[in-house]
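**Student:** Have a look; sequence and predicted model below, questions after that.
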Amino acid sequence: MKKFAYLALLSSSMLVTPAVLADTFTVNAPITEVTVYKGGGAQVTRIGKLTAPAGKHTLRIQGLHEEILSSSIPPQAAVKSGNATLSGMKLRAQPSTTTASERQRELMQQIKALEAEISVLKDKVAANDMRLAFIRNIGQSQAGQTQITDLASLEKALEFVGENTAEILADSNIQKQQIENLNIQRDALKRELKRSGPARTDYKQALIELDNSVEQEVTFTFSYFVENASWDMNVAASLDSSNEKLGLAVAADIRQNTGENWESVKLSLSNSRPSNYVGGINVPSQFISIAPENEMIRRMELKGAPAQMETAYSDSAANRGRVTASSSQFDRKYQVSGLSTILSNGETEKLNIITKNTDVEVITRIAPLFDRNAYVYADTELSGFLSIRNVNVNLSRDGHFAGAGRWPNLENNQELELPFGRNSNIEVTYTEQAPRDGDKGFINKKSVEEKRFLISVTNNGTSDAPVEVFDRYPVSAHEDIKIVPLKPATKPDEMDLQNKPGTIKWKKTLKPGETWYIKHEYQVTYPSDKSIRRMNR
């Protein structure tokens, strides 16, 4: 009798064991951390916690927005604490209780397809940005190592950089235009979907396999990438010119329309953007053939001048205020202290980062060869400040709005020249003088050219105005070409500014109503059997 009871007990225990080893646990995993990327998109992290018996189980996370499937970057899950492993993941539909019409289903599919296209294009733009940074480094290295007399090598390096940069920028511009067009189409479909009837939101659920060695509490993370999120750093700058004071208020403008509210989360802002394209070297073969003459001429005409180099984005590390800023060799990240809430409504949330008041020197600067306008600058050095690059700024000058635009990088503990818009009280003229005898001709088998310019600067304001005027002398790139200032020329106060050969600066403080005359005169000589060409670098 005891034997039969023992067998029955053993049998019943064997029946219970499979159920224990194959439980499904629905886990509450709220959003706890979000990293928003400057290039677009965000990495969302949820944290779940449960006490599970030993064995293999399925963890189910419900209420996930469909947006997590619109990205080409797959979701990830990892054990945060506990002696357990996660071995697999499936994403399944979680039908909505609201029935969608046929037209709504069609619109949602079209929106989903457009968002997938947008994600692919953004990844291509990010890859091009990496290529631009690489090409830029090559150009800087070649220019830095090449003497100015080695013009052929320098021209080859600049031609390489110019041609490759032009090609990459053209490709990125095409992709950015496609992204803009797709965004317009998607937004139109979303508006139509909103008008088509009661809103229906289809959710997803994640099924994650858990292998638990013993009964214990397990904490895990579930992370995924979403589109329709972005941020920009903006600065409000207020200049008090009378007291020479500058006030800076730095804020991050964050927006998201991902379908999920981020409530009381740890928020980070990153300068980069993850991509599913991780790199690859592909050097195609090149074949040279004889082209018809008219085709060669057409190609030379299309080639044109090298494009301007696009600057790669980077930052230096600093810590200040609500934000801790950290940098690696490849990325810069701002960690916001405390908890933040960003709703999924597409509206901009302004997050105040830091305020700073500092002394400045107010100077008016002019480069009349290129621009007859005079511009106000506030010169300062920021200490204990959060270094910021690619700065969008709104300008206020003596209590009046002065405009908005782009500023130089705000680097900590470096001298800065910050533009504050036009100074309409400073009037500038730049006139080439009539030639004198001997201004141009031949002397001892040398061609001689003399250039004479008269610059006038008038202070029409009611207070003293420190003014700096910028220009240049040509720089000889050949030993047979000589450039010398003429005796009547006004001597510059500084030359070769910012390591740019030939650049010059005059400076003076003008009284109200005072006019300042500057004579900019120089002579160029070269062999009479040669011709010269001028190149801006």
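**Tutor:** It's in. Predicted model, so just to flag it, every value in this text is computed and none were measured.

**Student:** okay, CA-based contacts and neighbour counts for the rest of this
**Tutor:** OK.

**Student:** Distance check, residue 214 against residue 49.
**Tutor:** In this view, residue 214 and residue 49 are 15 Å apart by C-alpha to C-alpha, to the nearest Å.

**Student:** out of the two, which sits in the more crowded spot?
**Tutor:** Under the criterion of other C-alpha atoms under 10 Å, the comparison of residue 214 against residue 49 puts residue 49 first, with 16 against 13.

**Student:** show me what contacts the more buried one?
**Tutor:** By C-alpha atoms under 8 Å, 6 or more residues apart in numbering, the contact list for residue 49 reads 27, 28, 29, 217, 218, 219, 220.

**Student:** Check the offset of stretch 39-58 from the chain's centre.
**Tutor:** Distance of stretch 39-58 from the chain centroid (C-alpha atoms, centre = their mean, to the nearest Å) equals 32 Å.

**Student:** check which helix or strand covers residue 108.
**Tutor:** Secondary-structure element containing residue 108, defined by DSSP states H and E: helix 102-145.

**Student:** Quick one: mean pLDDT over that helix.
**Tutor:** Averaged across helix 102-145, the pLDDT comes to 74.

**Student:** per-residue confidence for residue 381?
**Tutor:** What the model reports for residue 381 is a pLDDT of 94.

**Student:** Verify the contact between it and residue 414 for me.
**Tutor:** Yes - contact between residue 381 and residue 414 holds when scored by C-alpha atoms under 8 Å: they sit 5.5 Å apart.

**Student:** okay, how far is it across stretch 76-87, tip to tip?
**Tutor:** 11 Å.

**Student:** Give me the contacts around that stretch.
**Tutor:** Outside of stretch 76-87, the residues that reach it under the criterion C-alpha under 8 Å, 6+ apart are 208-214, 216-224.

**Student:** Among those residues, which lie within strands?
**Tutor:** Among the contacts of stretch 76-87, the members falling in strands are 208-212, 216-224 (criterion: DSSP state E).

**Student:** Give me the buried entries from these.
**Tutor:** When neighbours are counted using 16 or more other C-alpha atoms under 10 Å, the ones in strands among the contacts of stretch 76-87 contain these buried positions: 208, 209, 210, 211, 212, 218, 219, 220, 221, 222, 223, 224.

**Student:** coming back round to it: higher neighbour count, residue 381 and residue 414?
**Tutor:** residue 381 (16 against 12).

**Student:** got the contact list for that one?
**Tutor:** When contacts are counted by C-alpha under 8 Å, 6+ apart, residue 381 is found next to 412, 413, 414, 415, 416.

**Student:** Residue 120 too?
**Tutor:** Contacts of residue 120 were listed using C-alpha under 8 Å, 6+ apart, and they are residue 72.

**Student:** and what of residue 211?
**Tutor:** Contacts for residue 211 (C-alpha under 8 Å, 6+ apart) come out as 54, 55, 56, 57, 84, 85, 86, 87.

**Student:** Please, which helix or strand holds the residue nearest to it when sequence neighbours are not counted?
**Tutor:** Leaving aside its chain neighbours, residue 211 sits nearest to residue 56 (4.4 Å; criterion: C-alpha to C-alpha, 6 or more residues apart in numbering). When secondary structure is defined using DSSP H and E, the element that contains residue 56 is strand 55-65.

**Student:** So which elements touch that strand?
**Tutor:** Contacts defined by 3 or more C-alpha pairs under 8 Å, 6 or more residues apart in numbering; DSSP states H and E place strand 55-65 against helix 2-21, strand 24-26, strand 203-212.

**Student:** Tell me which residues of the second one come out buried.
**Tutor:** When you say that, I think you mean strand 24-26. Buried residues in strand 24-26, counted by 16+ other C-alpha under 10 Å: 24, 25.

**Student:** Next secondary structure element downstream of that strand?
**Tutor:** The helix or strand immediately downstream of strand 24-26 is strand 31-37, counting by DSSP H and E.

**Student:** any low-confidence regions in the protein?
**Tutor:** Low-confidence segments of the chain, defined by pLDDT under 70, are located at 1-22, 67-71, 95-100, 133-166, 198-202, 275-322, 329-330, 437-444, 537.

**Student:** Now do the helices in it.
**Tutor:** With helices called from DSSP state H, the chain shows them at 2-21, 102-145, 151-195, 293-303.

**Student:** quick one: which of the contacts of residue 49 is nearest residue 534?
**Tutor:** Of all these, the one sitting nearest residue 534 is residue 220; the distance, using C-alpha to C-alpha, is 65.1 Å.

**Student:** re the thing from before, what two of the contacts of stretch 76-87 have the greatest distance between them?
**Tutor:** 214 and 224 (28.5 Å).

**Student:** now residue 334, nearest residue through space, not along the chain?
**Tutor:** residue 325 (4.5 Å).

**Student:** How much space separates that neighbour from residue 337?
**Tutor:** Relative to residue 337, residue 325 is positioned 11 Å away (C-alpha to C-alpha).

**Student:** Between the two, which has more neighbouring residues?
**Tutor:** The residue with more neighbours, out of residue 325 and residue 337, is residue 325; 21 against 13, by other C-alpha under 10 Å.

**Student:** The nearest residue to residue 208 once chain neighbours are set aside: what's it in contact with?
**Tutor:** The shortest distance from residue 208 to any non-neighbouring residue, by C-alpha to C-alpha, 6+ apart, is to residue 89 (4.4 Å). Shown in contact with residue 89 (C-alpha under 8 Å, 6+ apart): 206, 207, 208, 209.

**Student:** try 10 Å this time
**Tutor:** Contacts of residue 89 were listed using C-alpha atoms under 10 Å, 6 or more residues apart in numbering, and they are 58, 59, 60, 75, 76, 77, 206, 207, 208, 209, 210.

**Student:** cool, residue 61 as well?
**Tutor:** 25-30, 46, 48, 91, 204-208, 222.

**Student:** Just the buried ones out of those residues, please.
**Tutor:** When burial is judged by neighbour count using 16+ other C-alpha under 10 Å, the buried members of the contacts of residue 61 are 25, 28, 29, 46, 48, 91, 204, 205, 206, 207, 208, 222.

**Student:** what's the nearest residue to residue 434 if we skip its chain neighbours?
**Tutor:** residue 452 (7.9 Å).

**Student:** What degree of burial does that neighbour show, as a neighbour count?
**Tutor:** Here the neighbour count serves as a burial measure; for residue 452 (other C-alpha under 10 Å) it reads 20.

**Student:** how close does it get to residue 505?
**Tutor:** The spacing between residue 452 and residue 505, counted by C-alpha to C-alpha, is 17 Å.

**Student:** same question, residue 83
**Tutor:** Taken as C-alpha to C-alpha, the span from residue 83 to residue 505 is 69 Å.

**Student:** can you give me the end-to-end distance of stretch 465-483?
**Tutor:** The first-to-last residue distance of stretch 465-483 comes to 33 Å (C-alpha to C-alpha).
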